[in-house]
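>>> please work out how this folds:
(chains A and B)
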Amino acid sequence: MNIPYRDDIFLAIRTIRKTKMRSFLTVLGIIIGIVSVVTIVSIAKGIETQVSNQINSIGKNLIVIRPGRINQNNSNSLINSLNTLSNANSSSSLSQADLNSVASTGSIAESSAINVVNGTIKTNQGSFSESVLGTSNQFPSVINQQLAYGEYFNSSSTDIYQAVIGQNLAYNLFGERIPLGQSFTFHGQTFIVRGIFNKFNAAPLSITADYNNSIFIPYYTAEALTNSTAPINEILAKANTNNNIEGIVKTINKNLLTLHGDQQDFTVLQQSQSLAITTSVLNSITYLIAIVAGISLLVGGVGIMNVTLVSITERTKEIGIRKSIGATNYQILIQFLIESSVLSLFGGLLGVILSFLVDYIIGATTSLTPLINLPILVIAFLLSLTVGIVFGSLPAFKAARKDPILALRYE
Amino acid sequence: MSIIELNDVSKIYGFGDATTVALEEVNLSIDENEFIAIMGPSGSGKSTLMNVIGLLDRPTYGKYMLSKRSVDKIRTNRRAKIRRDTIGFVFQSFNLLPRLTVIENVALPLAYKGVSLRLRTKLAENMLERVGMDDKKYFYPNQLSSGQIQCVAIARALINSPKIIIADEPTGNLDTTSSRLIMELFSDIHKTGSTVLLVTHNPEITRYASRVVYMRDGSVVLDEKSAIGDIAETAKKTIYKKRPKKTIDDDLAGISAIMDSIPQKSPNKKQTTKKKTKTTKLRKNKIKRKK
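Numbers count the residues shown, from 1 in each chain, chains lettered A, B, ... in the order given. Purely as a prediction, here's the structure:
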């Protein structure tokens, strides 16, 4: 088999093996650049996977109604997509009437509003400020989640000051794993912990709240505490079918529009859209940071150019000899281009190996789960190859244009 | 049939006051299968002549016909290919690539021609066998003696079966025994039909040549036929009459012996040509300025 330029490739590899330290220092910039780009992209990829897992575990038939309008037009534009998150947090325009309207829509099996009550929680461990959410008793089944211990409150209970907590809070608030029957004070009332949720499939940067750190109380309790002023943060509704979610979303939207006097001051989202929003926000951030990280690749490229220039001066004689025995300018050019490309590919390889290590450490020490997949690897190698070719071309042209006689005479 | 034909070839380096005339209107016609020794003191333009003939350099003025084809106007890459296919170089300083093994060095011209690895290795092995170096094929040049390195360099020059072998003082860095071995190799090459051009300082070498060309100050001053096996008549004069004593004066005497035995350029020769060429004008101007 005759691979084109295989001699040049082998020679370049041999050179790297002979001058290990020098080659390593040369490609250090490339290594750092590749590690940063790969790590950032893999973190983003990991988050995207986490969000999509979260959505899958909640169920594709969940419909979320949020106050405010999320502008999804122009989702290509960077600024717009960055703004979607802040839009989602605008003060609530949803009311109890909206919940009733959603609940009475055909094909909606269950629904629950989420009111946010602000305030401080006091337990025997101290004071905490956690998000307290008022929900209906249909909430666990709407978001498709079981309780690990105890049970969810039901409307028949006479004691309205009861609560269910997310798993992360159990230890934080009470210092024990299963704080069933423990109590805390909130807005002057004493609440009893009746249940603890299983761990929610949380994801960083998801527009769905992290329920692992939330306290759930009945919505009527929330209303009682705040004189019905607690804003409805979102309304969750679960369709009884996985088909035609789009149609159901449209129906809900139409009904709510009528209620709101034709004002689109709310957004009805299906889960695929939630994913799309997260992805678009994530992508804009990722690309920005990756571009900044990519600058170190430029620095690495300049390093390669520098060393190749020096090496070409060192090897002037070699170039002269090669030309005297019949190498064309093009063949000399290719030789040095391949040398710089192999060098930067070697840097890319080291960078990728190091990225796996960095990602492993990130995964072990934070809640992020970076994910390196094939496209990321391909991009990393293409990037380093490009850097090698771009920054190797100037020295290679210089080498190719050397005068054979002067080069031969060079000592 | 002449394979190399130089017509009034001049080579001038530099600009203005700093010009150096390396070759001055050299006329030389070399037939196929000649063994030409080129002699002359340092700076007489021997190497420049070799570079021009070997297509490494272009003449400033004049015409160069290689195999009846003018090669003055052809482009650099085409020149490289002609160089690869028809000319083999052997240098005084060997010029093997230190990072390649012996066999890789020998096969390199074939690689530039695009010959497959397997065929190239086979051809290089045959060639190394011919120069008696086949047992050293995986050695690196720095593991060999100078004589062995020059054998490898000759193998590399021969690998493309070139019509012309150009050797610039190939025995300059070698001891007598190795020199003899190398010259036997050149003699063999000559017998197989190649044209050999060999620059040398050593009169003994002219034994192998069929013709000796003497150069001085960029011009060919004498061109004599010489029977193979005999030292050329003029070259003979440069040999010390008796073994020199080891003093600096004697060394200098030896050098002047060489200088004296090669005839001077006749200054009147230029006047006989039809008109003054650019080169002579330049030279005249330079002499004037010196005065």
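>>> which bits of the stretch 101-250 of chain B sit near chain A?
Taking CB under 8 Å from any CB of the partner chain as the criterion, the neighbours of chain A within the stretch 101-250 of chain B are B:108-109, B:111-113, B:116-117, B:156-157, B:160. Just so you know, the C-beta spots here come from the backbone N, C-alpha and C atoms, and that holds for glycine as well.
>>> with adjacent residues omitted, what lies nearest to the residue of the stretch 251-400 of chain A found nearest chain B?
Evaluated by CB to the nearest CB, the stretch 251-400 of chain A has A:Gly326 as its residue closest to chain B, separated by 2.3 Å. Computed as CB to CB, 6 or more residues apart in numbering or on different chains, the closest residue to A:Gly326 that is not its neighbour in sequence is B:Arg84, at 2.3 Å.
>>> would you confirm that the one you found contacts A:Ile325?
Yes: A contact is recorded between B:Arg84 and A:Ile325 when judged using CB atoms under 8 Å, the distance being 6.8 Å.
>>> need the residues touching each of these two.
For the pair B:Arg84 and A:Ile325, residues contacting each of them under the criterion CB atoms under 8 Å, 6 or more residues apart in numbering or on different chains are B:109, B:112.
>>> give me the pLDDT for the residue nearest to A:Gly326.
Looking at B:Arg84, its pLDDT is 91.
>>> what packs against the helix or strand containing it?
Using DSSP states H and E, B:Arg84 maps to helix B:76-86. For helix B:76-86, the elements it packs on are helix A:329-365, helix B:102-113, judged by 3 or more CB pairs under 8 Å, 6 or more residues apart in numbering or on different chains; DSSP states H and E.
>>> that helix versus helix A:329-365: what angle between them?
For helix B:76-86 against helix A:329-365, the angle between stretch directions is 100 degrees (axes from the mean of the first three to the mean of the last three CA atoms, to 10 degrees).
>>> contacting residues around helix B:76-86?
With contacts defined as CB under 8 Å, 6+ apart, helix B:76-86 is touched by A:323-330, B:54-56, B:66-67, B:71, B:74, B:109, B:112-113, B:160, B:162-164.
>>> list the buried residues in it.
By neighbour count, with 16 or more other CB atoms under 10 Å in any protein chain shown as the criterion, the buried positions of helix B:76-86 are B:79-84, B:86.
>>> over to stretch B:228-241?
Buried residues in stretch B:228-241 (16+ other CB under 10 Å): B:231-232, B:234-235, B:238.
>>> tabulate those residues in TSV, adding columns for pLDDT.
As requested, the buried residues of stretch B:228-241 are exported to TSV (pLDDT from 0 to 100):
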residue	pLDDT
B:Ile231	80
B:Ala232	79
B:Thr234	78
B:Ala235	75
B:Thr238	68
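>>> please identify the deepest-packed of the helices and strands packed on helix B:76-86.
With neighbours taken as mean count of other CB atoms under 10 Å in any protein chain shown, the helices and strands packed on helix B:76-86 reach their highest mean count in helix B:102-113, at a mean of 24.
>>> after it, which helix or strand is next?
For helix B:102-113, the succeeding helix or strand toward the C-terminus, using DSSP H and E, is helix B:117-130.
>>> by contact count, what packs against that next one?
With contacts defined as 3+ CB pairs under 8 Å, 6+ apart, the secondary structure elements packing on helix B:117-130 are helix B:102-113, helix B:146-158.
>>> okay, those in TSV with distance to A:Tyr211 and mean pLDDT next?
Supplementary listing: the helices and strands packed on helix B:117-130 in TSV, determined by distance: least, CB to CB, whole Å; pLDDT from 0 to 100:
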stretch	distance to A:Tyr211	mean pLDDT
helix B:102-113	67	92
helix B:146-158	76	92
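>>> list the buried ones in stretch B:150-161?
B:150-160.
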